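Structure, please.
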Amino acid sequence: MGWLGIAGVEDGVSLLGVLAWWANPFYLWALLRSSLGGKNPVFSANVAVCLASLTVFLGSWAVNAVPVFTPVLGYGPGALLWYLAILSLTYETTRYGGTASPMLVSGLAGTVCVLFVGLLIWRGAASNLSEREKLPFYSAKRGFICSVEASPLPIADPQAAIALEAESKQWLESLRNWRVAAVQVGSTEYFAATEGSPESQKPPYMASRPVSAPARYTLRVDGGYPYVNKWSDGGDFVRMILIDNQTKSQIGQLVHHREINRKVGFCPSLTYFPHSRNEEAIRWLAPFLARP
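Numbering: from 1, shown residues only. From the prediction side, this is the model:
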């Protein structure tokens with residue numbers, strides 16, 4: 001939608017990213033002047049390069065004039081060719097005594113190509129299934145782009161209580177949705193409220209009682225809570241650490257990073273504790289938790 005995106009800056013679109021569209025009229029003007037053989041349009045060509053470079057700040061774009069926005073997930077060959085076309089014209093104009101060196105423009109073009117290839121490799125080597133499904137193989141991803149809900153804890157006994165250490169009470173509802181029978185917070189134990197009871201009418205839809213026995217596992221959480229299409233109250237990441245209370249050892253951890261469009265959700269990192277490269281959330285914890 002071009003310049004109409006400026007109307008939606010309040011939606012989270014970076015103004016710098018929106019201004020990148022204005023490279024087009026400067027580029028076309030420079031191309032026209034070069035074709036007609038007039039004054040060397042080096043100034044317009046250089047402005048076009050500067051504005052086009054702001055594309056890296058564009059996190060989402062308007063799909064209609066309402067405007068409704070969608071996140072920028074990555075860069076395809078079209079974006080690369082568009083930028084190289086602008087650089088090619090700038091190279092020609094600077095060859096005849098402009099404000100920039102042709103070698104500088106050539107270096108910039110080469111750097112952009114190398115970065116694009118590097119992002120393509122990163123997409124293939126460091127993408128989970130959800131990311132690969134959203135980007136074709138010839139596109140380079142811009143960052144974490146998948147939306148995932150927090151994975152259920154693969155505990156050996158789903159009827160066992162879990163001790164929770166988290167700043168947000170939203171985790172009570174998360175664990176309830178994961179079918180955890182009881183959640184211990186301090187000296188209080190929460191469990192699913194009986195249907196029709198007062199507790200079942202409002203979040204977290206759980207009743208409470210004093211703790212009767214210590215929990216086998218402790219879930220320690222830093223950051224917000226990973227619900228899709230909800231803001232986190234803890235920043236741009238969620239770190240879940242699972243501890244075996246019997247051995248006092250840390251079984252493992254999983255980190256979810258907020259994806260490119262901050263309003264959408266979280267994406268699991270690919271580096272887990274201690275050595276796993278598994279892409280399937282925290283399923284790798286299952287063998288540890290299944291031990292007697």
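
how far away is residue 185 from residue 240?
For residue 185, the distance to residue 240 (Cβ to Cβ, to the nearest Å) stands at 16 Å. From N, CA and C alone the C-beta is placed, and that goes for glycine too.

Specify which residue of the two has the higher count of neighbours.
Neighbours were counted for residue 185 and for residue 240 using other Cβ atoms under 10 Å; residue 240 has more, 23 against 16.

Which residue is the nearest non-sequential neighbour of that one?
Nearest non-adjacent residue to residue 240, counting by Cβ to Cβ, 6 or more residues apart in numbering: residue 254, 5.0 Å away.

Is it correct that that neighbour is in contact with residue 237?
No. Using Cβ atoms under 8 Å, residue 254 is not in contact with residue 237, being 10.7 Å away.

out of the two, which sits in the more crowded spot?
It is residue 254, of residue 254 and residue 237, that has more neighbours when counted by other Cβ under 10 Å, with 22 against 16.

Looks to me like that one is in a strand.
Yes. In this structure, residue 254 lies within a strand as judged by DSSP: H, G, I helix; E, B strand; the rest coil.

what ranges do the helices span in the stretch 51-200 of the chain?
Ranges of helices in the stretch 51-200 of the chain, per DSSP state H, counting those that start in this stretch, are 77-94, 102-125, 129-134, 170-177.

re the thing from before, check the residue nearest to residue 240 and give its pLDDT.
At residue 254, the pLDDT value in this model is 71.

Quick check: it vs residue 246, distance?
From residue 254 to residue 246 the distance is 21 Å (Cβ to Cβ).

go on, residue 162?
Per Cβ to Cβ, residue 162 is found 13 Å from residue 246.

Looking at those two now, which is surrounded by more residues?
Legend: neighbour count by other Cβ under 10 Å for residue 162 and residue 246, higher for residue 162 (20 against 9).

residues contacting the more buried one?
153, 155, 175, 180, 182-184, 215-219 (Cβ atoms under 8 Å, 6 or more residues apart in numbering).

let's see it at 6 Å
Residue 162 sits next to 180, 183, 215, 217, 219 when contact means Cβ atoms under 6 Å, 6 or more residues apart in numbering.

ditto for residue 175
Neighbouring residues of residue 175 by Cβ under 6 Å, 6+ apart: residue 183.
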